[in-house]
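# sequence and predicted model, in that order:
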Amino acid sequence: MEIRVTKYDPVYRDANGYYDINIDEWTEYQHIGQMFNGKEFTYEEYFETENKYKSAVQLFLDEYNCKTIIIKEIDTHINATRQLDKREKSSSETLSKIKESSIISIDEFNDVVSLILRGVFWGVLYKLEDPTVSVRFGYDFYMYFEAPEIREALITKIESIGLYVG
């Protein structure tokens, strides 16, 4: 079973589930400093959303008692020109450890999720002990959780932090 987790309000989806492309909304880290709906998109706004995503991943991993993650299907060339800035010091240290089949502890996953959301690299996070449990990231802040079963209680928790499941 797979669920999609996003920051996008489903009110703006059409009958086919597509998000209204006319909505003036940021879709990536590199949009910080740009104008959306007449207002500058700030680091603070970005980090608030990123933290929601990290919280959702944590809820999902906790649900499946995941203590160790293996990263597969890595693509480090999605944004080769993307430079880390001073706000990303710990992420930079984590990035130096990432390679295909890297095993990371639950304590390191926050940096990995940040790096993926910020477009530094791409990869799929699998529960080491059970590869049927995974977290995958799409473009434009779409995230997918896959597991043999996803309970309604988990969906409710994710939605309570301000993200949408659909």
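Yep, that arrived.
# okay but K72 is in contact with K127, surely?
No. Taking contacts as CB atoms under 8 Å, K72 lies outside contact range of K127: 11.5 Å. The way it works is simple: take the backbone N, C-alpha and C, and place the C-beta from them, glycine included.
# of the two, which one has the most company?
The residue with more neighbours, out of K72 and K127, is K127; 20 against 14, by other CB atoms under 10 Å.
# need the helices for this protein, in chain order.
With DSSP state H as the criterion, the chain has helices at 43-63, 89-95, 109-117, 152-160.
# tell me which other helices or strands the last one touches.
Helix 152-160 is packed against helix 43-63, strand 164-165, with contacts defined by 3 or more CB pairs under 8 Å, 6 or more residues apart in numbering; DSSP states H and E.
# between those, which one is nearest to A15?
Among the helices and strands packed on helix 152-160, the nearest to A15 by CB to CB is strand 164-165 (17.0 Å).
# contacts for that closest one, please.
If you take CB atoms under 8 Å, 6 or more residues apart in numbering as the criterion, strand 164-165 is touched by 3-10, 155, 158-159.
# how about a cut-off of 7 Å?
3-6, 8-10, 155, 158-159 (CB atoms under 7 Å, 6 or more residues apart in numbering).
# got a markdown table for these, with pLDDT and neighbour count too?
Output for those, formatted as a markdown table (pLDDT from 0 to 100; neighbours: other CB atoms under 10 Å):
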| residue | pLDDT | neighbour count |
| --- | --- | --- |
| I3 | 97 | 16 |
| R4 | 96 | 15 |
| V5 | 97 | 24 |
| T6 | 96 | 19 |
| Y8 | 93 | 19 |
| D9 | 91 | 13 |
| P10 | 89 | 11 |
| I155 | 98 | 17 |
| I158 | 98 | 25 |
| E159 | 98 | 14 |
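# can you put those in JSON lines and add distance to E149?
Listed next are the contacts of strand 164-165 as JSON lines, based on distance: CB to CB, whole Å:
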{"residue": "I3", "distance to E149": "11"}
{"residue": "R4", "distance to E149": "16"}
{"residue": "V5", "distance to E149": "16"}
{"residue": "T6", "distance to E149": "21"}
{"residue": "Y8", "distance to E149": "25"}
{"residue": "D9", "distance to E149": "27"}
{"residue": "P10", "distance to E149": "23"}
{"residue": "I155", "distance to E149": "12"}
{"residue": "I158", "distance to E149": "15"}
{"residue": "E159", "distance to E149": "18"}
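# for the residues you listed, which one is nearest N16?
Closest approach to N16 among the contacts of strand 164-165 (CB to CB): P10, at 12.4 Å.
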